[in-house]
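**Q** Requesting a structural model of the entry that follows:
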Amino acid sequence: MSYDRDAVPAPVPGLRLLPWEGEGGKPCYLSADDAGGVLSRLADEIEAEQLCDGADVLKGAVAVLNDRKAGEHAVRLALRATTQSFSDVLRIADSRGTRLPVPV
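**A** The predicted structure follows:
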């Protein structure tokens, strides 16, 4: 799964971008009116896990980059994990950003 900001349609008011994809990699949305519903809570939990995973991936990537003996394979694995985590974080940021109140 990889989040492509350019491929996701413009935010629709009242819809929440979920932290998972549907068939064919298409984005999934939930009515934002149901903030306390089961799917909304599940999305919150998955986002929290993705953010924690991202912090762990960052630590690992920094360790690989700081290891002068790390080979190409280790660097590629760290970069792959980092890009996936960054993709998750961008999706979360976009999802949460569309739900912020509009300043008047």
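
**Q** which strand in the chain runs the most residues?
**A** strand 15-21 (DSSP state E).

**Q** the helices in the chain, which residues?
**A** 38-66, 72-98 (DSSP state H).

**Q** so which of the ones you listed gets nearest Tyr29?
**A** Relative to Tyr29, the nearest member of the helices of the chain by CB to CB is helix 72-98, separated by 9.3 Å. Using the backbone N, CA and C atoms, a C-beta is placed for each residue, glycine as well.

**Q** Let me know the angle separating the closest one from strand 15-21.
**A** Compare the direction of helix 72-98 with that of strand 15-21 by axes from the mean of the first three to the mean of the last three CA atoms, to 10 degrees and you get 160 degrees.

**Q** Could you tell me what pLDDT the model assigned to the residue positioned nearest the centre of the chain?
**A** Nearest to the mean C-alpha position of the chain, counting by CA atoms, centre = their mean, stands Asp88 at 1.7 Å. At Asp88, the pLDDT value in this model is 95.

**Q** Could you list the residues in contact with the lowest-mean-pLDDT helix or strand in the chain?
**A** Least confident element among the helices and strands of the chain, by mean pLDDT, DSSP states H and E: strand 27-31 (a mean of 89). Residues outside strand 27-31 that contact it (CB atoms under 8 Å, 6 or more residues apart in numbering) are 8-9, 12, 14-18, 20-22, 37, 39-40, 43.

**Q** And the buried ones among those, selectable in PyMOL?
**A** Buried members of those, defined by 16 or more other CB atoms under 10 Å, are picked up in PyMOL with:
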select buried, resi 8+15+16+17+18+40+43
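
**Q** thought Asp88 was touching Cys52?
**A** No. In this structure, Asp88 is not within contact of Cys52 by CB atoms under 8 Å, at 10.7 Å.
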